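# Next come a sequence and a model predicted from it.
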Amino acid sequence: MTGDIADLAAELKALAQAPAPPMALDLSRARETGRRRLLRRRTRTIGAVGLVGVAVLAAVLAAMPLVRPAPEPAAAVTLSTGPSPLIAHASFGWLPEQIAGVGYQAGPHGDQILARGRGDYGARIILGLYPGDREPEPGRFADGAEGVAVSARVHGRPAYWLTHDASDPLNGGDAYLRWQTAGGRWAELHAYYLNVADPQEVLLRVAAGVTVGDRAVPLPLRIGGLPAGVRVQEVQLWRPPLRGTGAWELQVFLSANGLPVTVGVSPAGGSPKPRKSTCTSAAGLDVCVQVDGPVPASLRAIGGPRGLLDRITVLGADEHGWTTDVIG
């Protein structure tokens, strides 16, 4: 587990040093993200080698047949500079009843689509994509072991389970399924904490329901124009929330003249209000503007946090009434 701890430490350091706005940190999710990145990362044999070692390595590589590098995962959700700030490039269809909702994160702290159950050990299913139509190679695990591909089929299309041991396709409950989607792109499910009778059958059914294509994610607010010098830097929509109770919580991280400003929206009373925040309630929702440190000049020009709140219209708890036309 040393690698997990080191990766978690690196993530915590990055969170402390990044110019992005402060975020609510879920340690178990950070640990899970680190483990996922460790598995996907291909080993790279670069260390403190002397000139002789470099020469030997070059000679060995020159004698080896050329192999194209394995494709790296592509972001399944990204930020947009248009009126719809959150764009998903793939979507879940069918999900098991253990899943409480599907969340999205896009920005410098990571990009992911996460279907999640409730609680620290609720089911987790992460949806990922690969670029192009080339089959991703298994690669190596963080412990140096070769990844083993166990053949499968999803809707009659090529697929495989990624595991340490061919006799255990589900990899001890930390399961990876990769398959070629109808349009040719390869996708991946990473699942754990699945409390179901037949995880293999469930994941194959989840994969069969995934669609690939750009889709703006509806959000529960409209912002009637951001002032000059203010831009969206990250969006997190968690279902269920990472903190407190309720069905969901939204955080829109802004950069205002390089300084962090956070807009948070959640069902009324569901999540604790952040410190140093200016809040209001409407349509059954709480909405807060948080500024850590001095109020940026671009925000002062519109009346500070209260002026930004006045530009925000919340659309209620019913997700059918949410909008993709978020930024005016």
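Great, that's in hand.
# what about Gln290, which helix or strand?
Assessed by DSSP states H and E, Gln290 sits inside strand 285-291.
# in the very next helix or strand once past that strand, what counts as buried?
For strand 285-291, the following helix or strand on the C-terminal side (DSSP H and E) is helix 297-300. By neighbour count on 16 or more other Cβ atoms under 10 Å, the buried set for helix 297-300 is 298-299. C-beta: built from backbone N, CA, C; applies to glycine.
# Quick check: mean pLDDT of helix 297-300?
The average pLDDT within helix 297-300 is 92.
# How about stretch 269-276?
Mean predicted lDDT for stretch 269-276 stands at 78.
# Residues contacting that stretch, please?
If you take Cβ atoms under 8 Å, 6 or more residues apart in numbering as the criterion, stretch 269-276 is touched by 241, 243-247, 249, 262, 264, 279, 286, 288, 290-292.
# Find me the pLDDT at Ala55, would you?
At Ala55, pLDDT is 37.
# what does Leu204 give?
For Leu204, pLDDT reads 98.
# show me the contacts for it.
152, 154, 177.
# Checking it next. Helix, strand or coil?
Judged by DSSP: H, G, I helix; E, B strand; the rest coil, the three-state class of Leu204 is helix.
# so where do the helices sit in the stretch 101-250 of the chain?
Taking DSSP state H, counting those that start in this stretch to define them, one finds helices in the stretch 101-250 of the chain at 199-209.
# Pull out the buried residues from the contacts of stretch 269-276.
241, 246, 249, 262, 264, 286, 288, 290-291.
# Lowest-confidence member of the contacts of stretch 269-276, which is it?
Within the contacts of stretch 269-276, pLDDT is lowest for Gly244, at 68.
# Starting from Asn195, give me the distance back to Thr163.
To Asn195, Thr163 is 20 Å away according to Cβ to Cβ, to the nearest Å.
# Please compare the two by neighbour count and tell me which comes out ahead.
Using other Cβ atoms under 10 Å as the criterion, Thr163 and Asn195 rank with Thr163 on top: 22 against 11.
# who's the more buried one bridged to?
Val148 (DSSP bridges).
# mind listing the strands for the stretch 1-150 of the chain?
77-79, 86-91, 101-106, 112-116, 124-129, 148-154 (DSSP state E, counting those that start in this stretch).
# Which pLDDT value goes with the most centrally placed residue in the chain?
Nearest to the mean C-alpha position of the chain, by Cα atoms, centre = their mean, lies Gln112 at 1.9 Å. Reported pLDDT at Gln112 in the predicted model: 95.
# ok, now Asp133?
Asp133 is given a pLDDT of 87.
# so what's it up against?
180, 184-186.
# Out of these, the closest to Leu237 would be?
Proximity of these to Leu237, judged by Cβ to Cβ, is greatest for Arg185, which lies at 23.6 Å.
# I'd like to know how many residues surround that closest one.
So Arg185, with other Cβ under 10 Å, has 18 neighbours.
# Run a quick check on Val314 versus Leu285, I expect a contact.
Yes - using Cβ atoms under 8 Å, Val314 is in contact with Leu285, at 4.5 Å.
# shared neighbours of the two, anything?
With Cβ under 8 Å, 6+ apart as the test, Val314 and Leu285 both reach 220, 265.
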